[in-house]
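Visitor: sharing a sequence plus its predicted fold:
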Amino acid sequence: MIPRSGVRLLYPVLLYSLTNLIGVLAFLYPFWWPATLQTTDSAMAHATDAPLLTTLLVLLCLGVLLLEVQSQMVNTKTVALLGVLVAINATLRYAETIIPGPGGFSPIFLLIVLTGYVYGSRFGFLMGVLTLLVSALITGGVGPWLPYQMFTAGWVGISAPLCRPLIRWLRRLGGDEARVTLWVLAGFGGLWGLLYGAIMNLWFWPFAVGAVEQSWQPGIQLVETLRRYVLFYLVTSLLWDFLCLVGNMTLILIAGAPVLRVLQRFQQRFEFHYDAVAAPGAMTSETPAILVSGDA
Amino acid sequence: MTSLRLHPVAWVSWLLAILIGVTTTRNPLYLGLILLWLAAVMVTARLVLGQHFTRPPLSPWRWGSVMILSTALFNALNVHVGTHSLLHLPAWLPLFGGPITLEALLYGALNGLVLLALLLAFGVVNGVLPVWALVGLIPRAYYPVAVVVAIAVTFAPVTVRRLQQIQEAQAIRGHQVRGLRCWLPLLLPLLTGGLEHAFQLAEAMMARGFASQAAVVYTLPTQVMVLLGLVGVLGGLLVQMLTVRTLLSMGLLVGGSAVLIAALWGAGRSQPHTRYRPAPWRGRDWLVLCGALLVIVCFLLPVPGVDRVSLFYYPYPTLTLPAFAIPLGLATWGLLMPVLALLLDGLPKPPAPRPNERPTEMVEARR
């Protein structure tokens, strides 16, 4: 059944906004639940299972988004390209003997950001989600943190095309095209390095501080929880994530331009499709049996 | 293929039971019991599977003890509630200043125990299930994603090998890895080669008639159901956020999730699908599943005769001895079922036969 074009346009917009809203709420769960917490025993007993609930919600949102995105994987070329790129990226994640990285730095963001930028949001999303899934499968890193990691890495890829208008705008102001692209992408990757750490901390946060003690200080509200999280973040992970930022930026600045060139060259090679020629009688020696037409 | 002793779904049910058991309680007695059974399953799985047990990159025990220490310390530094004061930090320290109490320390350690249990449970499942079984767990609705994952899992060892080859080739040419910049001559050939490989793979798949057109997974009813389910979940979250946890918010959350799962299931049904050599479901799988269900039911639902109040444990303001309900303690034995199931075949024979037996066997085999 083919839906009407209006619905077809409206549907992804609704879907993406709903899933992302739920995802953000689920991630922010540790901040808002102390505010609504009751001092009764039963409410506090429920509070401990909150991480399980949010993990399930994140998993569900991820599933719905994946279902939408995968319906766009129309041909074998996308499937093969994605499979191989994910394999390369998952390998890079654990090939630390080759890539001397400081702290929490992991080289996966280079390809997630660049493929998202070149091949579009959907590809970037799948790249992020599947890189983490596959590397967890290979190394035995499957855990309750995995849906959060996948969702966040998916956000990195899905948001990468946002760099395009910025780059266009900066280029209009004047400036070398290649250099502007590189610096914008490096900044974007660096920012996500920092954000990724902060978001992933949220998974751990309810365990680190059993916020249950809030009930003994009835005045405690969102701001106070936020203050505590900031402190927790500063103490435990800022340095780690800062190294991540520096690592991502350096890696994109060094490897960005050549990798972009490779990806763009292959984009032209991959974006073609076969058209069957109309009538066999019309075939002459000049027209091939199959027309190859490029989109790029 | 034959190395699977338990059906993957049985393992998943066991994992789910642990997740539910561990997250619904902070009672150290139940947590301790669950951890004990987990350790027993871990040890048995290692003994029975031997070489086939894939070890995680980080030892869950070491990682878990770090977790317990850090959560205990952080909670103690952050929460200054409790009557047993251990020491007093100066008040000018922001947030950290104040009494460090035994209660806060213990509650933090309990949270750490929960994390350790999660790590151990996932460590067991990661260890016993080979990668193909894990890929096989991807729901049917995600067929294209599963294909990509299968390709990636297959290509990962190839990529590692290629990386080593590139490293060797560059080393012969005098390349030395000194910093990030020197990494480029390794990355670029890897990427270009991989993309070339992807191109060949795509052509090979197309030549074998692999889905040149995407199967339509998304019909209008599915779309409507997905949107409805999402609105339900969002509504439930918002209601819970603005008011207290009520029946309405839980109903919306559960109802929305159910609609979403039904939509996913429906999308999966529309995918024609055959399983190559499905894993058998045997009696021992029923054993594990029933044990898991027992735990889930007893820990989540009001069962007559099971006192669930003791699940709740809270050390503030004064440390108390946790309560213990014998039926619940007995129910946690359900988590021990994988040990029974794994031992049904008996321990594996020692790999090396006695030296004096081998020659005669070989001679007999030649005859």
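Guide: Good, I have the coordinates.
Visitor: can I take it that A:Trp203 is in a helix?
Guide: Yes. Membership of A:Trp203 in a helix is supported by DSSP: H, G, I helix; E, B strand; the rest coil.
Visitor: surely it is in contact with A:Leu146?
Guide: No. In this structure, A:Trp203 is not within contact of A:Leu146 by C-beta atoms under 8 Å, at 9.9 Å. Any C-beta I mention is one placed from the backbone N, CA and C, and that applies to glycine too.
Visitor: does B:His88 belong to a helix, a strand or coil?
Guide: The assignment at B:His88 comes out as strand when based on three-state DSSP.
Visitor: for B:Thr320, same thing?
Guide: coil.
Visitor: number of nearby residues for it?
Guide: 11 (other C-beta atoms under 10 Å in any protein chain shown).
Visitor: roughly how far does it sit from chain A?
Guide: As for B:Thr320, its distance to chain A is 13 Å (criterion: C-beta to the nearest C-beta, to the nearest Å).
Visitor: can you tell me the helix or strand for whichever residue of chain A sits closest to chain B?
Guide: Taking C-beta to the nearest C-beta as the measure, the point where chain A comes nearest chain B is A:Gly83, at 2.8 Å. A:Gly83 belongs to helix A:76-94 when assigned by DSSP states H and E.
Visitor: for that helix, packing partners?
Guide: Secondary-structure packing of helix A:76-94 (3 or more C-beta pairs under 8 Å, 6 or more residues apart in numbering or on different chains; DSSP states H and E): helix A:108-119, helix A:121-139, helix A:238-270, helix B:143-172, helix B:184-207.
Visitor: so is the second one next to chain B?
Guide: Yep, that's helix A:121-139 we're talking about. Yes. Using C-beta under 8 Å from any C-beta of the partner chain, helix A:121-139 reaches chain B at A:126, A:130, A:133-134, A:137-139.
Visitor: give me the residues contacting the next helix or strand along the chain from that helix.
Guide: Toward the C-terminal end, the helix or strand that comes next after helix A:121-139 (DSSP H and E) is helix A:146-159. Applying C-beta atoms under 8 Å, 6 or more residues apart in numbering or on different chains, the contact partners of helix A:146-159 are A:23, A:27, A:55, A:58-59, A:61-62, A:65, A:108-109, A:112-113, A:115-116, A:121-129, A:131-133, A:136, A:192, A:195-196, A:199-200, A:202-203.
Visitor: now do the same for residue 26: its pLDDT.
Guide: Using chain A. A:Ala26 is assigned a predicted lDDT (pLDDT) of 81.
Visitor: um, chain B though
Guide: Model confidence at B:Arg26 (pLDDT) stands at 80.
Visitor: one step back: turn the helices and strands packed on helix A:76-94 into TSV, including mean neighbour count and mean pLDDT.
Guide: As requested, the helices and strands packed on helix A:76-94 are arranged in TSV below (neighbours: other C-beta atoms under 10 Å in any protein chain shown; pLDDT from 0 to 100):
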stretch	mean neighbour count	mean pLDDT
helix A:108-119	25	90
helix A:121-139	26	88
helix A:238-270	19	85
helix B:143-172	18	86
helix B:184-207	18	87
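Visitor: out of those helices, which comes closest to B:Ala104?
Guide: Across the helices and strands packed on helix A:76-94, B:Ala104 has its closest neighbour in helix A:238-270 (23.5 Å, C-beta to C-beta).
Visitor: for the residue of the stretch 51-200 of chain B found nearest chain A, give its distance to B:Val131.
Guide: Going by C-beta to the nearest C-beta, chain A is nearest to B:Ile151 of the stretch 51-200 of chain B, at 2.8 Å. B:Ile151 sits 13 Å away from B:Val131, taking C-beta to C-beta, to the nearest Å as the criterion.
Visitor: okay, the helices and strands packed on helix A:76-94 in a markdown table with distance to B:Gly98 next?
Guide: Formatted as a markdown table, the helices and strands packed on helix A:76-94 follow (distance: least, C-beta to C-beta, whole Å):
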| stretch | distance to B:Gly98 |
| --- | --- |
| helix A:108-119 | 40 |
| helix A:121-139 | 40 |
| helix A:238-270 | 23 |
| helix B:143-172 | 50 |
| helix B:184-207 | 51 |
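Visitor: pLDDT weak spots in the chain?
Guide: You didn't say which chain, so I picked chain A. Residue ranges of chain A with pLDDT under 70: A:1-8, A:30-50, A:74, A:95-105, A:206-225, A:272-296.
Visitor: my question was about chain B, not that one.
Guide: If you take pLDDT under 70 as the line, chain B has these spans: B:1-3, B:57, B:93-97, B:179-180, B:211-218, B:243-246, B:272-273, B:317, B:346-367.
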